[in-house]
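[1] Here you go, sequence then predicted model.
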Amino acid sequence: MARSPKIKSLAELTQLLADLRAETAPRVVHCHGVFDLLHIGHIRYLQHARALGDLLVVTLTKDEFVNKGPHRPAFTDELRLDALAALDCIDYVAINETPTATAAIRRLKPAIFAKGAEFRDRKTPELLEEEAVAAEVGAAVEFIDDVRSSSSHLLNKYLSPFDDATEQYLQNFRESYTAADVIAWLERAKAMKVLVVGEAIIDEYFACSTMGQSAKAPILATRYESHERFAGGTLAVANHLAPFCGQVDLLAMLGAQDTEEEWVRSHLARGVTGRFHYKQDSPTIVKRRYRESYFGVPLFAINFLNDNPQSASDNAKLCGMLDESLADYDAVVVADYGHQMLTPQAIQLLSDKARFLAVNTQANAANMGFHTISKYPRADYVSLAERELHLECRSRGGNLEELLLEVGKRLYATTIAVTLGKRGALCYNRRAGFHKAPSLATNVVDRVGAGDTFLAISALCAALDAPLDILSFLGNVAGAEAVAAVGNSRSLEALSFQRHIASLFK
Ligand SMILES: Nc1ncnc2c1ncn2[C@@H]1O[C@H](COP(=O)(O)OP(=O)(O)OP(=O)(O)O)[C@@H](O)[C@H]1O
Ligand SMILES: [Mg+2]
């Protein structure tokens with residue numbers, strides 16, 4: 001089917017409007033938005049906008065800039081263009097090449113920039129920028145109040161990406177809280193001073209393609225394609241916390257050899273202050289994973305690390321750093337990967353001196369069975385993956401609730417969570433008892449780092465004494481963000497995290 005002649009590129013539309021202006025000087029109205037699942041609210045708004053002038057042009061947010069939760073947009077920009085072009089009230093439609101409408105307003109120079117009335121309260125930062133640019137080009141900003149409905153609401157209701165049980169959970173959750181209630185807990189974290197402690201890890205991903213079997217040995221020969229490295233371990237935990245807390249300091253272990261300190265420092269998020277403890281005779285930990293890119297499967301992993309215990313002098317240095325600083329923080333989040341940073345003395349100091357201590361003891365190939373949460377005599381909040389809980393209790397298939405209680409009691413923890421991968425999380429505190437919350441992920445690209453992202457956000461909630469259902473919900477939203485990207489390639493970002501939350505309330 002031929003495409004509508006109303007569909008233009010932004011450059012074509014700019015030229016076309018300039019030509020028209022030279023001839024007839026039409027009063028151009030400009031609307032901008034996502035228009036995912038076009039509905040009657042949009043149509044009325046666009047008709048109303050058209051009536052304000054002589055010509056209506058619409059710019060559309062490109063797929064990569066749609067920021068409404070991980071399962072969006074539901075319709076590609078090409079389909080959204082077709083839907084808009086089919087409306088009589090629209091004269092021209094184009095895809096916007098940048099995240100906000102400002103560049104398009106500058107180019108199109110409309111007489112009127114029209115927005116829906118829901119933007120009138122000016123709570124979205126983009127709108128303030130758009131208003132400033134509209135003023136610059138002499139465009140009036142009009143708010144149109146007509147039938148209010150939202151694509152997000154309709155999509156959630158009729159095309160939910162979740163199964164029935166998760167949809168039911170969300171409906172119940174929406175009855176207890178509004179999006180603003182939930183976001184308010186994150187806002188409270190702005191007053192917090194947090195210290196993150198544990199090993200720095202550099203995660204590397206090597207993409208390669210299969211060539212075949214080597215002629216010399218029965219091994220798979222591959223060809224290097226590309227590689228990427230990301231800040232992992234406590235670097236990732238601190239980066240996830242940075243947008244939400246007033247202050248995030250990091251005390252991370254690097255190797256005294258091949259410290260990679262410059263790389264590490266340059267990969268800390270804005271707002272994270274890094275201090276480092278250097279382990280003698282060791283490299284900074286690098287975990288390199290080889291992936292076959294055509295099938296998208298992992299092939300092999302190699303870790304660069306020295307797991308020998310720390311020397312007495314290193315231990316003394318670390319304990320000195322902890323001793324002088326622990327009491328300064330509202331919360332200390334320990335992501336302990338079991339690679340010998342946290343010695344028994346350091347653990348004792350953490351347990352004795354942190355005002356609020358949140359801990360995960362990560363089980364991995366290097367520490368299997370040697371590194372469980374009972375290394376810690378006390379913690380206020382513990383977040384473990386299911387396997388870590390089973391390892392701690394030496395119980396392969398025991399009842400999770402009983403195991404959770406047992407571990408909580410052993411550590412005198414007020415709150416404890418066990419993350420269950422695609423089944424979400426089970427949490428406990430004395431006030432609320434048990435609370436099970438499903439995963440909210442709709443797009444699972446890679447699971448690496450999911451538990452750390454859950455730990456970061458849920459630890460803040462636990463330190464703020466947020467209700468348990470809010471802690472589990474926010475932990476799972478964080479988990480969903482984490483699994484949607486490769487490894488630790490993306491750290492949490494306040495605005496898109498809030499939008500993700502808001503999208504689940506529509
Ligand atoms: N396969 C998945 N499908 C859906 N959601 C997932 C999946 N894996 C993880 N999640 C989300 O991430 C959260 C934490 O993940 P998980 O229980 O796998 O932690 P983990 O085993 O500690 O991960 P890691 O140590 O690899 O970072 C879960 O509670 C859930 O919200
Ligand atoms: Mg984990």
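    All right, it came through fine. Ligands and ions are numbered 1, 2, ... in the order given.
[2] tell me the mean pLDDT for the strand or helix carrying Leu251?
    Here Leu251 sits within strand 247-257, counting by DSSP states H and E. Strand 247-257 shows a mean pLDDT of 97.
[3] Arg275 falls within a strand, correct?
    Yes - assessed by DSSP: H, G, I helix; E, B strand; the rest coil, Arg275 belongs to a strand.
[4] What number of residues are in the vicinity of it?
    11 (other CB atoms under 10 Å). Backbone N, C-alpha and C define where each C-beta goes, glycine included.
[5] Over to Ala140?
    Ala140: 13 neighbours (other CB under 10 Å).
[6] I figured it was touching Ile105, is that so?
    No - contact criterion CB atoms under 8 Å: Ala140 and Ile105 do not qualify, at 11.8 Å.
[7] Name the residues contacting each of the two.
    Common contact partners of Ala140 and Ile105 (CB atoms under 8 Å, 6 or more residues apart in numbering): Phe113, Ala134.
[8] give me the residue from the stretch 401-506 of the chain nearest ligand 1.
    Residue of the stretch 401-506 of the chain nearest ligand 1, by CB to the nearest ligand atom: Gly451 (1.9 Å).
[9] Let me see the confidence value for that residue.
    Gly451 carries a pLDDT value of 97.
[10] what ranges do the helices span in the stretch 201-350 of the chain?
    With DSSP state H, counting those that start in this stretch as the criterion, the stretch 201-350 of the chain has helices at 234-241, 261-266, 312-325, 344-353.
[11] Tell me which of those helices sits most buried.
    With neighbours defined as mean count of other CB atoms under 10 Å, these peak in mean count at helix 234-241, which reaches a mean of 29.
[12] Does anything pack onto it? Which helices or strands?
    Here helix 234-241 touches strand 193-213, strand 247-257, strand 272-283, strand 331-336, helix 450-463, going by 3 or more CB pairs under 8 Å, 6 or more residues apart in numbering; DSSP states H and E.
[13] Among these, which comes closest to Tyr177?
    With CB to CB, the closest approach to Tyr177 among those belongs to helix 450-463: 12.9 Å.
[14] From the chain's centroid, how far away is that closest one?
    Chain-centre distance of helix 450-463: 12 Å, with CA atoms, centre = their mean, to the nearest Å.
[15] right, and the helix or strand after it?
    Helix 450-463 is succeeded, C-terminally, by helix 468-483 (DSSP H and E).
[16] can you tell if that following helix touches ligand 2?
    No - judged by CB under 5 Å from the ion, helix 468-483 and ligand 2 are separated, with a smallest distance of 10.4 Å.
[17] now the angle from that helix to helix 234-241?
    120 degrees (axes from the mean of the first three to the mean of the last three CA atoms, to 10 degrees).
[18] quick one, what contacts Leu46?
    By CB under 8 Å, 6+ apart, Leu46 lies in contact with Cys31, Leu56, Val58, Leu84, Leu87, Cys89, Ile90.
[19] do Phe454 as well
    Per CB under 8 Å, 6+ apart, neighbours of Phe454: Ser383, Ala417, Thr419, Ala425, Gly475, Asn476, Ala478, Gly479, Ala482.
[20] picking that back up, tell me the one of the contacts of Leu46 nearest ligand 2?
    Here the nearest of those to ligand 2, counting by CB to the ion, is Leu84; it sits at 44.2 Å.
[21] Could you list the contact residues of this structure toward ligand 1?
    362, 385, 419-422, 424-425, 439, 441, 444, 447-452, 454, 476, 479-480, 482-483 (CB under 6 Å from any ligand atom).
[22] Repeat the analysis, applying 5 Å as the threshold.
    By CB under 5 Å from any ligand atom, the residues of the chain that approach ligand 1 are 385, 419, 421-422, 425, 439, 441, 444, 447, 449-451, 454, 476, 479, 483.
[23] For ChimeraX, write the select line for the buried members of those.
    With 16 or more other CB atoms under 10 Å as the criterion, this ChimeraX line picks the buried residues out of those:
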select :385,419,421,425,439,441,449,450,451,454,476,479,483
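[24] Would you mind checking which of the residues of the chain next to ligand 1 is nearest to ligand 2?
    Distance to ligand 2, by CB to the ion, is smallest for Gly451 among these, at 2.7 Å.
[25] quick one: that closest one and Asn360 touch, right?
    Yes - Gly451 is within contact range of Asn360, at 6.6 Å (criterion: CB under 8 Å).
[26] Give the residues shared as contacts by those two.
    The contact sets of Gly451 and Asn360 overlap at Ser383 (CB under 8 Å, 6+ apart).
[27] First-to-last residue distance for stretch 241-254?
    By CA to CA, to the nearest Å, the extent of stretch 241-254 from end to end equals 20 Å.
[28] Determine how far that stretch lies from the middle of the whole chain.
    For stretch 241-254, the distance to the chain centre is 16 Å (CA atoms, centre = their mean).
[29] of all the helices and strands packed on helix 234-241, which lies closest to ligand 2?
    Here helix 450-463 is closest among the helices and strands packed on helix 234-241 (CB to the ion), at 2.7 Å.
[30] Up against ligand 2, what does the stretch 401-506 of the chain have?
    Gly451.
[31] burial measure for Gly138, as a count.
    The burial count for Gly138: 9, using other CB under 10 Å.
[32] count of residues packed around Leu391?
    Neighbours of Leu391 under the rule other CB under 10 Å: 21.
[33] Now do Ile202 against Ala252, distance only.
    Noted for Ile202: a distance of 11 Å to Ala252, by CB to CB, to the nearest Å.
[34] Apologies, that question was intended for Phe434.
    On the measure of CB to CB, Phe434 and Ala252 end up 34 Å apart.
[35] more neighbours, those two?
    Legend: neighbour count by other CB under 10 Å for Phe434 and Ala252, higher for Ala252 (24 against 13).
[36] From Ile201, how far off is that one?
    Going from Ala252 to Ile201 by CB to CB gives 9 Å.
[37] Overlap in contacts, those two.
    By the contact definition CB under 8 Å, 6+ apart, Ala252 and Ile201 are jointly contacted by Gly233, Thr234, Leu235.
[38] so the last one sits right up against Leu250, yeah?
    It stands for Leu235. Yes - with contact defined as CB under 8 Å, Leu235 counts as touching Leu250 (7.3 Å).
[39] list the buried ones in the least confident helix or strand in the chain by mean pLDDT?
    Lowest by mean pLDDT, DSSP states H and E among the helices and strands of the chain is helix 151-158, with a mean of 75. By neighbour count on 16+ other CB under 10 Å, the buried set for helix 151-158 is Ser151, Ser152, His153, Leu154, Leu155, Asn156.
[40] got a list of what the second one touches?
    By CB under 8 Å, 6+ apart, the contact list for Ser152 reads Asp36, Lys68, Gly69, Arg72, Ala502, Ser503, Lys506.
[41] just to revisit the earlier point, which one of the buried residues of helix 151-158 is nearest to ligand 1?
    Ranked by distance to ligand 1 (CB to the nearest ligand atom), the buried residues of helix 151-158 are led by Asn156 at 18.1 Å.
[42] Surely the closest one touches Arg174?
    No - Asn156 is beyond contact range of Arg174, at 9.8 Å (criterion: CB under 8 Å).
[43] who's in contact with the closest residue to Asp452 other than its chain neighbours?
    Closest residue in space to Asp452, ignoring its immediate chain neighbours: Val237 at 5.2 Å, by CB to CB, 6 or more residues apart in numbering. The contact partners of Val237, taken as CB under 8 Å, 6+ apart, are Val196, Gly198, Val333, Ala335, Asp452, Leu455, Ala456.
[44] Val237 and Thr273, how far apart?
    The value you get for Val237 to Thr273, if CB to CB is used, is 14 Å.
[45] can you check Ile90 too?
    Using CB to CB, we find Ile90 at a distance of 50 Å from Thr273.
[46] Need the max-distance pair from the contacts of Ser152.
    Greatest spacing in the contacts of Ser152, by CB to CB: Asp36 and Ala502 (14.4 Å).
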